[in-house]
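K.L.:
Build me a model from this:
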Amino acid sequence: QVQLVESGGGLVQAGGSLRLSCAASGRTFNNYRMGWFRQAPGKEREFVAAIDWSSGTTYYTDSVKGRFTISRDNAKNTVNLQMNSLKPEDTAVYYCAAQARPFRNWGRTSSYDYWGQGTQVTVSS
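P.N.:
Numbers count the residues shown, from 1 in each chain. Model prediction:
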């Protein structure tokens, strides 16, 4: 059974940094695409970033390009999201997700098969 467990959320001032981690278990994830999504209060869940585990190809939504970096650690079976220059509008619950092959649209929530429970990120102004 696939399990995704996020960690690393918290409260940070605008301009600060946080590093989220997603511990993945229950599968060999070489053939998976891993994504990060976020959901702010009263808003729909939205795509943030994704990485194809085997190739390392990455995808980002425009609002985080140049500030966020997604990566994977094969030894630890984790996917990380380094978030720099954080803004109050980045405040949300951040979710890790996994998509099995054949890959579908990397930006849609419906493309992902497994989800973590989420971790809160709050950026104060």
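
K.L.:
I'd like to know how far the residue nearest the centre of the chain sits from Ser125.
P.N.:
Nearest to the mean C-alpha position of the chain, by Cα atoms, centre = their mean, lies Trp36 at 2.0 Å. Plainly put, Trp36 is 23 Å away from Ser125 if you go by Cβ to Cβ, to the nearest Å. Every C-beta, even on glycine, is put in place using the N, C-alpha and C of the backbone.

K.L.:
Return the residues in contact with Thr69.
P.N.:
81-82, 84 (Cβ atoms under 8 Å, 6 or more residues apart in numbering).

K.L.:
how about 7 Å then?
P.N.:
Applying Cβ atoms under 7 Å, 6 or more residues apart in numbering, we find Thr69 in contact with Gln82.

K.L.:
picking up where we left off before, with Tyr95 as the reference, measure out to the closest residue to the residue nearest to the centre of the chain other than its chain neighbours.
P.N.:
In space, and not counting its chain neighbours, Trp36 is closest to Val48: 4.4 Å by Cβ to Cβ, 6 or more residues apart in numbering. Distance of Val48 to Tyr95, given as Cβ to Cβ: 9 Å.
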